[in-house]
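Visitor: give me coordinates for this.
(chains A and B)
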2 protein chains.
Amino acid sequence: MADLRIALAQIDTCVGAIDQNTAAILEWTRRAAGEGADLVAFPEMTLTGYPIEDLALRASFRRAAWDAAADVAAQLEREGLGHVTVVLGTVGTSETALPRGAGAAERAASGSPADLPTNRAVAIQHGKVVASYDKHHLPNYGVFDEFRIFAPGTEPLVLEIAGRSVGIVICEDIWQDGGPVATLGALDEAGHGIDLLLVLNGSPYEEGKGHVRTDLAARRARETAAPVAYVNMVGGQDDLVFDGGSFVVGPDGAVLTSAPQFVEDLLVWDLPERTSSAAGDAVATTYPTGRVAAPLHPDEEVYRACVAGLAGYVRKNGFRSIVLGLSGGIDSALSATIAADAIGGQNVVGVSMPSTYSSEHSKDDAADLAKRLGADYRVQPIAPMVDAFQGELALEGVAEENLQARVRGVVLMGISNREGHLVIAPGNKSELAVGYATIYDAGSIGGYAPLKDVDKSRVWALARWRNNAALDAGEIPPIPESSITKPPSAELRPGQTDQDSLPPYDLLDEVLDAYIEHAEGRAELLARGFDPEVVDKVVTLVDRAEWKRRQYPLGPKVTSLAFGRDRRLPVTSRWREPVE
Amino acid sequence: MADLRIALAQIDTCVGAIDQNTAAILEWTRRAAGEGADLVAFPEMTLTGYPIEDLALRASFRRAAWDAAADVAAQLEREGLGHVTVVLGTVGTSETALPRGAGAAERAASGSPADLPTNRAVAIQHGKVVASYDKHHLPNYGVFDEFRIFAPGTEPLVLEIAGRSVGIVICEDIWQDGGPVATLGALDEAGHGIDLLLVLNGSPYEEGKGHVRTDLAARRARETAAPVAYVNMVGGQDDLVFDGGSFVVGPDGAVLTSAPQFVEDLLVWDLPERTSSAAGDAVATTYPTGRVAAPLHPDEEVYRACVAGLAGYVRKNGFRSIVLGLSGGIDSALSATIAADAIGGQNVVGVSMPSTYSSEHSKDDAADLAKRLGADYRVQPIAPMVDAFQGELALEGVAEENLQARVRGVVLMGISNREGHLVIAPGNKSELAVGYATIYDAGSIGGYAPLKDVDKSRVWALARWRNNAALDAGEIPPIPESSITKPPSAELRPGQTDQDSLPPYDLLDEVLDAYIEHAEGRAELLARGFDPEVVDKVVTLVDRAEWKRRQYPLGPKVTSLAFGRDRRLPVTSRWREPVE
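Guide: So this is what the prediction gives:
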């Protein structure tokens, strides 16, 4: 019995693009076959893209996905690749009862389909779909809504390939103790377990999650006494970023080979035959090692997640170019740099929209940035439009500040309508969390906000990392030094700085993390040693900001985190964290 | 044994307003006690408001809710009302394992609380919380996300009150066959079942749902051989409307008494003692009947749902007034009328913002409407601002049309900032579904869109119903007849009408209902007998509109239905219904 060559195809799919995903599966299977692979594994829901949300409930979509799986099988057979076993993800249909809590009665009354979709893996061999597995554990927390749309599977799947037993599960199935993996860990009557556990994943990026995944896979490898092959998808999809980083761990928990993050990759690894003694007893098998991707610096990892997210968004939504306002400040400078890294500086339009309160150095910094990026730079003063509004409305105070900001939004939308660019919003997570922003302004309108999950402290860190990376590569740093070093200001009134209204950002960001990400209350925040005055200030700002945002839910949403946890808050809530 | 007097307190709570909800519970309990009630039942999650979404995960919020339940008990005892049994809804904590699919491992890894909240009913007697019940069936479809945040209960609850056995369940528990109701239907060793099934509800309004609820309750009443008392909440909460309509059905399925929809109400009903023969055998008990609310005309029901939704939104978010653009068209006319009915015409600001293309009759109709409503009417021409933008940007075609529309949005936001009114968006469901709208214009910005779940055909029907209701009451009809009868037009270019771009609205709305609400594909639409050309036109328009909206997800959201089913679609999706 020879080695079984396994190829983990870490690819970038697109939700709903069944034809395009099918073509990618065929292309990567050809490539893997060219490298001698016997088994090619694709990520979770490869054919349909992931996550498909309520698209799963549309019968015509499900039919198209089922036809596509048959097409893949037939096409591979036609090309003489029928001997390769392909495992891919798609949408299935449950033949089991509806899950508890899924509202069978009301679903039936409301005309929803009684046959719930499933999150399915199928195995293809010799022109046919030969086996299927429905995901058992359907995550329904954070960014996941799978229990909402899918029925859980109940059966395990072990595929026999060239004399090896390959257990197949999907993503969350290995995050839960017990379940299908425990079943797969049991030995058969002859005393044999599985030879490999294959896990198809659509695991979104979170900072530092790589180690959590490998630790978990190592645990499952020990439980099943078999190596675990973990294939993850890659690329930006809506407000999620998938980072790839596919790998194989041995039964002893060691990482045997791994793919880099944020790029498509084919990770090939040979599963050796199971070593037996002369008497036929199992003895310890030695597993080969392959290439191992070096871990990224935390700032590089986050920066590349931002780039991957924006690049995927632009491409998958059919845009070719981006427009944003350039104020000379750090948020728009970093956003423009991410945009240039995502789609090329020549496809970025930066618009300086100076007002009466804009400083000369701000305008210079914006122009300098655009030049360094090779971006299309334009200057569009807003005074004529602001004056026209003020001639009619005579707004004062914050209403006047907001007017300036919104006129900039209308300018960007006009340019977008005329020229077809995607408008992006440079607002960062800290200012959005405390409401230091104008609804419908140039910082919050548009299709994508690359920094909405990056707090202000991290914005500076990423800017420094990006400039240093350029220096290391012998290139000109993209971001003007003064954009990084000057005190942050909205420049909507004379001499304004962010710290007129907010605590220092390093302190603010620490409190925000505890209060928002960890849902801690005042008592827990004080127990961490934060100053009570700062705690009460921040808690009050966040609660007020959420209140203001709730008043305008048709406006920008800022509670969803691209690579953190998703919070869903009631639009109307009178709840306020009690403060002194 | 005397009758047991039951009071169903159909009240309007507010999410997060624990103090205010507590005060309401005390006040309605006093009132019920004044009417001699032995048992007062409140709706689902009374103390916390409903639905609380991820607020459930905040420990400080849960602690406040638990303290409030104890406060209610203590206060009632202090007031000499300890003898009254109060059953109310709140948030609890699970002592059971995490539910399947809820991601125990990843939750633990991510620092989320391991003790999941529950959707709880508590019974209060003599100054104490004496019993509690955790909802078993957690709906996780449509507008519901309960399985995401709550752990399911596993135990039934039967409360003994003055010699009667009262089974208690919550909302979805009666929508599922089996489960706690089946347990409650079993007889004890003495051959006795429960005397009453009490159901606490937070059941959102959907057109015609009243009958579905009473039919379902009748089924459960027959199963348990006991009357079912169904208490529902009332009022607008975020994008949901709760319609009340509480009732009692007898074991034979007949409605014995019922409360009206859309108003707070105390429905009092006497549970008689169980009739026994001289030998002690149970014989058929005769149940008393009480007042029964007359059903509303379908158009009145929908109209009042719109009013209740907007009224709740304004009040619960701390607004006192509304501003909207008045074009003279039917959408803004109906929206303004709903606003006037919700908060009084004197609290509505209607702004006519004529452009070069606005007809004289449109301006006259807007002024006439405002006068009939007693609204604050203002005229704000947009030409100076549009000219200022055009002097700088020189936009053409659709970009120019959108510019006019967005300038109106900036005007409304400026007035809102200056004067504190809530901006409402008059866009209707049909035009939003097919993308016949401008992102960030006066029809789509703001905090609430009262017609976003009302299709255009229904907009006209509601306008006619409202005018006729005024005539019936001897009042002046609020909506000028010409706003109802003239051909709909956006008036963004000369001679423009909606039907230049769209099929007739009655046909469009039928196809939209099948394609969007029922998720039917082209094959199913053709099988219904729709003309293939119309089907392909509508399907293409909807898919394109969703595509355009996905390009601007930071803009207005229109996929959520205030009193229909909620659809969650991926932001980026290449899926298109295949057309010829």
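
Visitor: alpha carbons only for contacts and neighbour counts from here, please
Guide: OK.

Visitor: where are the low-confidence patches of chain A?
Guide: Along chain A, the model assigns pLDDT under 70 to residues A:1, A:95-114, A:191, A:276-283, A:547-580.

Visitor: could you list the domains of it?
Guide: Split into domains by automatic domain parsing, chain A comes to A:4-295, A:300-496.

Visitor: what number of residues lie near the closest residue to chain B within the stretch 401-550 of chain A?
Guide: In the stretch 401-550 of chain A, the residue that lies nearest chain B is A:G447 (3.9 Å; CA to the nearest CA). Using other CA atoms under 10 Å in any protein chain shown, the number of residues around A:G447 comes to 25.

Visitor: go on, A:F262?
Guide: As a burial measure, A:F262 scores 25 neighbours (other CA under 10 Å).

Visitor: and if you look at A:E160?
Guide: Neighbourhood size, A:E160 [other CA under 10 Å]: 12.

Visitor: what does A:T118 give?
Guide: A:T118: 25 neighbours (other CA under 10 Å).

Visitor: pull out the buried positions in the host helix or strand of it.
Guide: Using DSSP states H and E, A:T118 falls within strand A:117-125. Across strand A:117-125, burial judged by 16 or more other CA atoms under 10 Å in any protein chain shown covers A:P117, A:T118, A:N119, A:R120, A:A121, A:V122, A:A123, A:I124, A:Q125.

Visitor: closest to B:A293 out of those residues?
Guide: A:P117 (40.8 Å; CA to CA).

Visitor: beta partners for that closest one?
Guide: Beta-bridge pairing for A:P117 (DSSP bridges): A:T93.

Visitor: name the helix or strand for the most centrally placed residue in chain A, please.
Guide: With distances taken as CA atoms, centre = their mean, chain A has A:V241 as the residue nearest its mean C-alpha position (1.7 Å). Assessed by DSSP H and E, A:V241 sits inside strand A:240-243.

Visitor: list the buried residues of stretch A:152-165.
Guide: Under the neighbour-count criterion of 16+ other CA under 10 Å, stretch A:152-165 has A:P152, A:G153, A:P156, A:L157, A:V158, A:L159, A:R164, A:S165 buried.

Visitor: hmm, the helix or strand the last one falls within touching chain B?
Guide: Taking DSSP H and E as the criterion, the element that holds A:S165 is strand A:164-170. No. Among the residues of strand A:164-170, none lie within reach of chain B under CA under 8 Å from any CA of the partner chain; the closest is 12.6 Å away.

Visitor: direction included, what does that strand pair against?
Guide: Strand pairing for strand A:164-170, determined by DSSP bridges: strand A:158-161 (antiparallel), strand A:196-201 (parallel).

Visitor: CSV for those, including distance to A:Y505?
Guide: What follows is the strands paired with strand A:164-170, written out as CSV (distance: least, CA to CA, whole Å):
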stretch, distance to A:Y505
strand A:158-161, 53
strand A:196-201, 36
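
Visitor: of all these, which one is nearest A:S60?
Guide: Closest among the strands paired with strand A:164-170, once you apply CA to CA, is strand A:196-201, at 24.8 Å.

Visitor: just the CA trace of that closest one, in CSV.
Guide: Extracted in CSV, the C-alpha atoms of strand A:196-201 (Å, rounded to 0.1, in the frame of the first residue of the first chain):
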residue,chain,number,x,y,z
LEU,A,196,-7.1,10.5,8.9
LEU,A,197,-9.6,13.1,10.1
LEU,A,198,-10.4,15.6,7.4
VAL,A,199,-12.0,18.9,8.5
LEU,A,200,-13.6,21.3,6.0
ASN,A,201,-13.6,24.8,7.4
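
Visitor: that concludes my questions; thank you for your assistance.
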